[in-house]
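In: Please find the sequence and the predicted model below.
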Amino acid sequence: MIFRRPELEKDNPIAPEPYVGPRRRLAMARAAAAENSSEMGDMKEPLQVLVDAASQFLEDLPKVGRPGKSVKALQDAIAHAEQVLAAEKRSRI
């Protein structure tokens with residue numbers, strides 16, 4: 001008698017997920033973190049240049065009593081990018 005195992009059949013949407021133990025899960029998380037850090041390393045310099053250019057642009061704008069939505073959005077984006085860069089710098093130390 002042949003027993004069919006649906007989890008081994010290709011493209012079976014109802015097949016259960018295979019068990020992933022704690023060691024393998026941690027190894028996969030470490031590999032993903034290493035991959036993400038290398039991608040961030042490639043983007044660090046262009047992001048810093050963009051932040052500097054956007055900051056200079058905001059400084060060159062005439063001062064108004066109440067900034068518009070686009071200026072506020074740009075300020076928020078700059079703040080977020082600086083946080084990402086600072087977190088990356090802390091993680092490398």
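Out: Perfect, thanks for sending it. In this text, all values refer to a predicted model and were calculated from it rather than measured experimentally. Residues are numbered from 1 along each chain as shown.
In: Helix or strand: which one has residue 56?
Out: Taking DSSP states H and E as the definition, residue 56 sits inside helix 22-60.
In: if we look at whatever helix or strand comes next after that helix, which residues are touching it?
Out: Tracing the chain past helix 22-60, the next element assigned as helix or strand by DSSP H and E is helix 69-92. Residues from elsewhere that reach helix 69-92 (Cβ atoms under 8 Å, 6 or more residues apart in numbering): 37, 40, 44, 47-48, 50-51, 54-55, 57-58, 61, 67. Every C-beta, even on glycine, is put in place using the N, C-alpha and C of the backbone.
In: Next, report how far the helix holding residue 56 is displaced from the centre of its chain.
Out: Counting by Cα atoms, centre = their mean, to the nearest Å, helix 22-60 is centred 7 Å from the centre of its parent chain.
In: Quick check: which ranges of the protein have low pLDDT?
Out: Applying pLDDT under 70 to the chain flags residues 1-16, 36-41, 89-93.
In: Apply 90 and report the result again.
Out: Residue ranges of the chain with pLDDT under 90: 1-22, 24-25, 28-48, 58, 60-68, 70-71, 81-93.
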